[in-house]
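Chemist: Sequence plus the predicted model coming up.
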Amino acid sequence: MTANNNLSVIITGTGFSGLCVGIQLKKMGFHHFKIVEKSNEIGGTWRDNHYPGAACDVKSNLYSFSFEPNPHWSRVYSPQAEILEYTRYCARKYGLEEHIILNWEVKAANYDEKSSTWELKNQEGKKLKANLFIIGNGPLHIPSLPDIEGIHDFKGTIFHSSNWNHQYDLNGKSVCVIGTGASAIQFVPEIQPKVKKLYLMQRTAPWVLPKPDGTFSALQSVLFEKLPITQKLDRGLNYLINEAQVVGMMYYDKILKAGELIGKYHINKYIKDKELRKKLTPTFKLGCKRVLLSNNYYPALAQSNVEVVTDGIQKFTKDSVVTNDGKSRKIDAVIMGTGFHVSDSFSYYDIIGKNGIALKEAFATAPETYMGATAHHFPNLFFMLGPNTGLGHNSMIYMIESQANYIVDAVKKMQEQGLKSIEVKKEIQDNFNEEIQQKLKGSIWLSGCNSWYISEDGKNHTLWPGFTFEFWNRTKAINLKDYEVEPINAKKQEAMELV
């Protein structure tokens, strides 16, 4: 068997996913890859989301690569700027900068069956070719914008939280905030003291629990640096505490009642007005939608310049927002905290696989892959954080590292075994997804609420249904028996150049 020493790889995105794959490839001695980035700087979602108060809702020692602990986090929960700097530090330390091409946004990708290669085209029509194509830009980068009557007629300022307009002066303005998700609960307390009036348009009240945040002392930082075992123990303890939540979310939801009691106590502590308290009390089970953490959200909503509006938006005019009860409120700006396209994010990719099949068509009714990493009809295409790899309880960095291990092992075995292409078998993919959906039945995520976890087919194609260590165990190595493999022509082994 002839080894395939001419494999080349293209990775998209320079967030945690793209960087992790690049780092692991270099660790195994593979250097024939490029990472293309649409922006003029690296950082992924932590580069894009720079709104006031932006921070992680997973503890710092857990929201970092296991192989690259940072003893110098300033807080238990890292702010956006520190996480962004951490990604840049990792890129520098592991020599990824020489592999990164900035200002290169993938607009189309086509698979050539004859050569078993992918051709990518960018915004300027420039092309790159490689044997393997790894989508590493994640699902949290396409803003979900509400289609509301009159939104384009509004003459004031409008922006999404992921494209925060720092040039706009909010002082003394009347502002309409749409959405009460993870971003809104962070920026609302930051802008509330500045604005004249804040109208918070709430469709569904989220569960918001106290955030056990705080600064790391100088002594803790020294211990983390001089005795790394202390940081590893802290990371391990946080991991186990988070992982225990799966029991309530998957198997015995009565355990989550304790969390609901904490959430209601949190509301009652800061919200004294009975009508407002009623508006802010969730009507669904804890965990059905994303659980949020904040210590200053409810205190901000209790202020006299804030109105929580639950009547629903009917339309916008040139200078106001009109709710379904007919009431009109004059506003200067609209800030959308409406999240991202997650379950349908792949419908925005112009990717053509084998037999001319488009990814958006293959995923139209049900975005399904194998291990969240590969898809039938799309040889040599790999996903980072593909369908059913999301978490409602723990750090996504754990899932990223697990998937990177799976993909890098695929590259290694394709090299060693002289393979030109691999494509997951349809029956393997179908059986995997049937297993996933069976496990999800009866989970807290399908208990009746309307969340972005659920796709149009009514199924949860977003979250992993179980413990993360189960996912790690299943992705620590690729089993090529699950794939249709095509060996290279031993007599004519052509080098695939990144062009």
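Modeler: Everything's here; your move.

Chemist: separation between residue 127 and residue 360?
Modeler: 21 Å (C-beta to C-beta, to the nearest Å). For glycine as for every other residue, the C-beta is placed from the backbone atoms N, C-alpha and C.

Chemist: Who has more neighbours out of these two?
Modeler: Of the pair residue 127 and residue 360, residue 360 is the one with more neighbours under other C-beta atoms under 10 Å, namely 16 against 12.

Chemist: that's a helix at the more buried one, yeah?
Modeler: Yes: counting by DSSP: H, G, I helix; E, B strand; the rest coil, residue 360 falls inside a helix.

Chemist: and it, what pLDDT?
Modeler: Listed pLDDT for residue 360 reads 91.

Chemist: isn't it right up against residue 353?
Modeler: No: in terms of C-beta atoms under 8 Å, residue 360 does not count as a neighbour of residue 353; the distance is 11.0 Å.

Chemist: ok, now which ones touch residue 461?
Modeler: Shown in contact with residue 461 (C-beta atoms under 8 Å, 6 or more residues apart in numbering): 343, 366-368, 387-388, 455.

Chemist: Quick check: bridge partners of the residue lying closest to residue 168 once chain neighbours are set aside?
Modeler: Distances taken as C-beta to C-beta, 6 or more residues apart in numbering put residue 157 closest to residue 168, at 5.2 Å, once the chain neighbours are dropped. Beta bridges link residue 157 to residue 333, judged by DSSP bridges.

Chemist: tally of neighbours for residue 157?
Modeler: Neighbour tally, residue 157, other C-beta under 10 Å: 17.

Chemist: same thing with the one 4 residues further on?
Modeler: For residue 161, the neighbour count with other C-beta under 10 Å is 27.

Chemist: correct me, but it touches residue 337?
Modeler: Yes: using C-beta under 8 Å, residue 161 is in contact with residue 337, at 4.8 Å.

Chemist: residues bridging contact with the two, i.e. touching both?
Modeler: Common neighbours of residue 161 and residue 337 (C-beta under 8 Å, 6+ apart) are 183-184, 187.

Chemist: most neighbours, which of those?
Modeler: Top of the shared contacts of residue 161 and residue 337 by neighbour count (other C-beta under 10 Å): residue 184, with 27 neighbours.

Chemist: my read: that one touches residue 161, true?
Modeler: Yes: the pair residue 184 / residue 161 is scored as a contact, 7.1 Å apart, by C-beta under 8 Å.

Chemist: list residues touching both of these two?
Modeler: By C-beta under 8 Å, 6+ apart, the residues touching both residue 184 and residue 161 are residue 337.

Chemist: what ranges do the helices span in the chain?
Modeler: Listed in chain order, the helices of the chain (DSSP state H) span 16-27, 45-48, 80-93, 184-191, 218-226, 228-243, 245-246, 257-270, 274-280, 297-301, 359-362, 396-416, 426-440, 468-475.

Chemist: From one end of stretch 242-254 to the other, what's the distance?
Modeler: Distance across stretch 242-254, first residue to last, is 17 Å (C-alpha to C-alpha, to the nearest Å).

Chemist: Give the buried residues for it.
Modeler: Across stretch 242-254, burial judged by 16 or more other C-beta atoms under 10 Å covers 242-243, 245-246, 248-250, 253.

Chemist: Okay, domains of the protein per the record?
Modeler: The chain resolves into domains spanning 9-142+341-487, 157-206+263-336 when parsed by automatic domain parsing.

Chemist: Setting aside sequence neighbours, what's the nearest residue to residue 415?
Modeler: Of all residues beyond its chain neighbours, the one nearest residue 415 is residue 4 (5.3 Å), with distances taken as C-beta to C-beta, 6+ apart.

Chemist: That neighbour and residue 127: what is the separation?
Modeler: Counting by C-beta to C-beta, the gap from residue 4 to residue 127 is 22 Å.

Chemist: and if you look at residue 450?
Modeler: From residue 450 to residue 127 the distance is 42 Å (C-beta to C-beta).

Chemist: gap between the two ends of stretch 417-431?
Modeler: Using C-alpha to C-alpha, the end-to-end distance of stretch 417-431 comes out at 26 Å.

Chemist: same deal with stretch 300-318?
Modeler: 28 Å.

Chemist: Quick one: residues contacting the nearest residue to residue 38 once chain neighbours are set aside.
Modeler: With sequence-adjacent residues excluded and distances taken as C-beta to C-beta, 6+ apart, residue 38 is closest to residue 105, at 3.5 Å. Applying C-beta under 8 Å, 6+ apart to residue 105 gives the contacts 36, 38, 122-123.

Chemist: now stretch 38-54, how far from the centre of its chain.
Modeler: In terms of C-alpha atoms, centre = their mean, to the nearest Å, the centre of stretch 38-54 is set 13 Å apart from its chain centre.

Chemist: next one: stretch 294-311
Modeler: The answer for stretch 294-311 is 27 Å, by C-alpha atoms, centre = their mean.

Chemist: same thing with stretch 278-294?
Modeler: Taking mean C-alpha positions (C-alpha atoms, centre = their mean), stretch 278-294 and its chain are 20 Å apart.

Chemist: give me the low-pLDDT residue ranges for the stretch 151-300 of the chain?
Modeler: The stretch 151-300 of the chain contains no residues with pLDDT under 70.

Chemist: one more time with 90
Modeler: 162, 251-253 (pLDDT under 90).

Chemist: isn't residue 204 right up against residue 312?
Modeler: No: at 11.1 Å, residue 204 does not count as touching residue 312 under the criterion of C-beta under 8 Å.

Chemist: Settle it for me: which of the two has more neighbours?
Modeler: A direct count of neighbours by other C-beta under 10 Å for residue 204 and residue 312 places residue 204 higher, at 15 against 11.

Chemist: contacting residues for the more buried one?
Modeler: Residue 204 neighbours (C-beta under 8 Å, 6+ apart): 180, 282-284, 289, 449-450.

Chemist: Could you rerun that using 10 Å?
Modeler: By C-beta atoms under 10 Å, 6 or more residues apart in numbering, residue 204 lies in contact with 179-181, 282-284, 289, 310, 449-451.
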